[in-house]
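Enquirer: Predicted model and sequence below, questions to follow.
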Protein chains: 4
Amino acid sequence: MKTISYIEDFNKWREEFSFHIPIKVRFAETDMFGHVNNVFVFMYFEQARIELLKKIGLFQIKSTVDTIPIVADLQCDYINQIYFEDQLRIYVKVNQVGRTSFDIHYLAVNDNDEVCLTARGRMVQINPTTGKPVPFTDAIKKELQSL
Amino acid sequence: MKTISYIEDFNKWREEFSFHIPIKVRFAETDMFGHVNNVFVFMYFEQARIELLKKIGLFQIKSTVDTIPIVADLQCDYINQIYFEDQLRIYVKVNQVGRTSFDIHYLAVNDNDEVCLTARGRMVQINPTTGKPVPFTDAIKKELQSL
Amino acid sequence: MKTISYIEDFNKWREEFSFHIPIKVRFAETDMFGHVNNVFVFMYFEQARIELLKKIGLFQIKSTVDTIPIVADLQCDYINQIYFEDQLRIYVKVNQVGRTSFDIHYLAVNDNDEVCLTARGRMVQINPTTGKPVPFTDAIKKELQSL
Amino acid sequence: MKTISYIEDFNKWREEFSFHIPIKVRFAETDMFGHVNNVFVFMYFEQARIELLKKIGLFQIKSTVDTIPIVADLQCDYINQIYFEDQLRIYVKVNQVGRTSFDIHYLAVNDNDEVCLTARGRMVQINPTTGKPVPFTDAIKKELQSL
């Protein structure tokens, strides 16, 4: 496999994932080249990320919540093409936890156990009104590090 | 052309449109059958509808607004397939104005002047907190009827 | 519930469904009004429809296939708003089978067993090269009627 | 502005863009956090990229074509949030041209001239049947370098 800046040792990197969600490719996500369009994979990542964050209470959608996690950056490597009939497993893990942000890594594997995508991206916790970053509480930070 | 329940006389119906927006088909909106996927045309309609409603102040996105227009029903007839290179004109007009709702009709034409889609749908004005319909003011009703 | 042209007796209509797929609302499918955007429900219908058609071999994606089913019309009634956390069941059934086309009816129910959407639409079998309708074989017709 | 690995001197980097397309944010692209969802910006990039590639004949959709450009990787930095009313300019330029692939850089600016997104990604020319990379002709390579 080609060199990917955020993966040092692929086998080790892969072994560190434990959480995943299943994703069934939707027909509307294919394009006229016959495969899944490059855009929709970010929807798969979003779903996997949200499921992970919900486990530690970091993704709440009540109007009383005064912080939201937003995407600061995202990067994806397309290793093998994804097709309509594919049944994917989208793995996610938290990588580096900072004061107001953390990295999430992603891995998409198809039913033949082929790696289709690797990805990473930084999430920042902000106050939706001011748009400013908000530090995590110690409890949340501990939870993030445990993922 | 086939019979469409909401169109009595097609030529007359078509002549009543005056407002339209241009839509350029996006690659991600095609599917593996090589044409535009049936789902995305509703995004075109939404854009055209919003541009029309903005003209009369019925589409506001400030948080101070206490009513929003939502879709009660939608129906679309696919007359000619739409392809990636197509440049569409999406026509919209208001049809029947009621106490809390109104009908919008849609027509999509490609650059060869072929009819690709006809559609209609009812919008209801609701209070987003209660979900209940809210009657239009007389001023808004007059504006709607003028469209 | 309001009158819907394609539903005579709602309870009877509902009882006739047996096949369904689960749909988990994706975050990207919500819009700034806080609910699921009206466009994405057609993606749910497409998924349910394809799963149903695959059961009788009517949805094939091999390049050797010389007919494809395409959408001739679609209509959806939005009964109750759908929200991010909702887990939906999308029911589908074949309604009227013609020489080259058939109707599909749809019903979306949330985890509180509330009806969120009802819908219908006609599918036509065409030759993708000529764009012309192609009659079903007797075997396929029988299968469609059994759904 | 924060450090971005693919941008050495931001002002110089920005000046090198000349081609851009306008993008009008669609309502369906917002999410319940009130801004444009992180996924849809990749659709904007795709549109800008295709318009650029069409200028040099690298994006053809005829069935006689035996190579297609596909996305090998993509990375995006979200600098300022994008909102529904925003009118964006999506700038694109070709950066490094290799034997079978090249880099494209992206910049999204809103109507207040604020930088909303910066991005880059590698495109590879492949044979759609074999999936293998195909070297560019000298003529295409020269064209790419001129962008």
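Expert: Yep, that arrived. Residues are numbered from 1 along each chain as shown, chains lettered A, B, ... in the order given.

Enquirer: what sits against the residue in chain A positioned nearest to chain D?
Expert: Nearest to chain D, among the residues of chain A, is A:Q75, at 3.3 Å (Cβ to the nearest Cβ). All C-beta spots, glycine's among them, are computed from the backbone N, C-alpha and C. Neighbouring residues of A:Q75 by Cβ atoms under 8 Å, 6 or more residues apart in numbering or on different chains: A:Y6, A:A119, A:R120, A:G121, D:D73, D:L74, D:Q75, D:C76.

Enquirer: how about it, secondary structure?
Expert: strand (DSSP: H, G, I helix; E, B strand; the rest coil).

Enquirer: re earlier: just the buried ones from the contacts of A:Q75, in ChimeraX syntax?
Expert: Burial among those is assessed by 16 or more other Cβ atoms under 10 Å in any protein chain shown; the matching ChimeraX selection reads:
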select /A:119,120,121 /D:73,74,75,76
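
Enquirer: and of the contacts of A:Q75, the nearest to chain B?
Expert: Checking the contacts of A:Q75 against chain B by Cβ to the nearest Cβ gives D:L74 as the nearest, at 13.0 Å.

Enquirer: Please identify the helix or strand for the closest residue to that closest one other than its chain neighbours.
Expert: Nearest non-adjacent residue to D:L74, counting by Cβ to Cβ, 6 or more residues apart in numbering or on different chains: D:G121, 3.8 Å away. D:G121 is located in strand D:115-126, with elements delineated by DSSP states H and E.

Enquirer: Going by contacts, tell me the helices and strands next to that strand.
Expert: For strand D:115-126, the packing partners by 3 or more Cβ pairs under 8 Å, 6 or more residues apart in numbering or on different chains; DSSP states H and E come out as helix D:41-55, strand D:68-78, strand D:101-109.

Enquirer: Give me the packing partners of the last one, helices and strands only.
Expert: In this structure, strand D:101-109 packs against helix D:41-55, strand D:87-97, strand D:115-126, with contacts taken as 3+ Cβ pairs under 8 Å, 6+ apart.

Enquirer: Output the second one as PDB, restricted to C-alpha atoms.
Expert: What follows is strand D:87-97, C-alpha atoms only, in PDB (Å, rounded to 0.1, in the frame of the first residue of the first chain):
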ATOM      1  CA  GLN D  87     -22.400  32.700  -2.400                       C
ATOM      2  CA  LEU D  88     -19.000  31.000  -2.800                       C
ATOM      3  CA  ARG D  89     -16.200  31.200  -5.300                       C
ATOM      4  CA  ILE D  90     -14.400  27.900  -5.600                       C
ATOM      5  CA  TYR D  91     -10.900  28.400  -7.000                       C
ATOM      6  CA  VAL D  92      -9.000  25.400  -8.400                       C
ATOM      7  CA  LYS D  93      -5.400  25.000  -9.800                       C
ATOM      8  CA  VAL D  94      -3.300  22.100 -10.800                       C
ATOM      9  CA  ASN D  95      -0.200  21.800  -8.600                       C
ATOM     10  CA  GLN D  96       2.100  18.900  -9.300                       C
ATOM     11  CA  VAL D  97       2.000  16.900 -12.400                       C
END
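
Enquirer: buried sites along that strand?
Expert: Buried residues in strand D:87-97 (16+ other Cβ under 10 Å): D:L88, D:R89, D:I90, D:Y91, D:V92, D:K93, D:V94, D:N95, D:V97.

Enquirer: How many neighbouring residues does the closest residue to the first one other than its chain neighbours have?
Expert: In space, and not counting its chain neighbours, D:L88 is closest to D:I23: 4.4 Å by Cβ to Cβ, 6+ apart. Using other Cβ atoms under 10 Å in any protein chain shown, D:I23 has 23 other residues around it.

Enquirer: residues touching D:I23, list them.
Expert: Listed by Cβ under 8 Å, 6+ apart, the contact partners of D:I23 are D:Y44, D:Q47, D:A48, D:Q87, D:L88, D:R89, D:I90, D:A108.

Enquirer: do A:T129 as well
Expert: A:T129 sits next to A:D66 when contact means Cβ under 8 Å, 6+ apart.

Enquirer: Just to check, A:A28 is in contact with B:V41?
Expert: No: with contact defined as Cβ atoms under 8 Å, A:A28 does not count as touching B:V41 (11.4 Å).

Enquirer: Spell out which parts of chain A neighbour chain B.
Expert: Within chain A, the positions adjacent to chain B are A:F27, A:A28, A:T30, A:D31, A:M32, A:F33, A:G34, A:H35, A:N37, A:V39, A:F40, A:F84 by Cβ under 8 Å from any Cβ of the partner chain.

Enquirer: Just the angle for the worst-scoring helix or strand of chain A on mean pLDDT relative to strand A:115-126, thanks.
Expert: Counting by mean pLDDT, DSSP states H and E, chain A has its least confident helix or strand at helix A:138-146, which shows a mean of 88. For helix A:138-146 against strand A:115-126, the angle by axes from the mean of the first three to the mean of the last three Cα atoms, to 10 degrees is 170 degrees.

Enquirer: List the buried residues of helix A:138-146.
Expert: Using 16+ other Cβ under 10 Å as the test for burial, helix A:138-146 gives A:I140, A:E143, A:L144.

Enquirer: Distance from the chain centre to the strand holding D:G121, please.
Expert: Here strand D:115-126 shows a centroid-to-chain-centroid distance of 4 Å under the convention Cα atoms, centre = their mean, to the nearest Å.

Enquirer: For that strand, output the C-alpha coordinates as PDB.
Expert: The C-alpha trace of strand D:115-126 is given here as PDB (Å, rounded to 0.1, in the frame of the first residue of the first chain):
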ATOM      1  CA  VAL D 115     -11.500  32.200   3.300                       C
ATOM      2  CA  CYS D 116     -13.900  29.300   4.200                       C
ATOM      3  CA  LEU D 117     -12.100  26.300   2.900                       C
ATOM      4  CA  THR D 118      -8.700  25.300   1.600                       C
ATOM      5  CA  ALA D 119      -8.200  21.900   0.200                       C
ATOM      6  CA  ARG D 120      -6.000  19.600  -2.000                       C
ATOM      7  CA  GLY D 121      -6.300  16.200  -3.500                       C
ATOM      8  CA  ARG D 122      -4.600  13.900  -6.000                       C
ATOM      9  CA  MET D 123      -6.200  12.700  -9.200                       C
ATOM     10  CA  VAL D 124      -5.000   9.500 -11.000                       C
ATOM     11  CA  GLN D 125      -5.800   8.700 -14.600                       C
ATOM     12  CA  ILE D 126      -6.900   5.000 -14.700                       C
END
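
Enquirer: near chain C, which residues of chain A show up?
Expert: Chain A comes close to chain C at residues A:K24, A:R26, A:F27, A:A28, A:M43, A:E46, A:Q47, A:I50, A:I61, A:F84, A:E85, as judged by Cβ under 8 Å from any Cβ.

Enquirer: Find me the pLDDT at the third one, would you?
Expert: Right, A:F27. For A:F27, the pLDDT comes out at 95.
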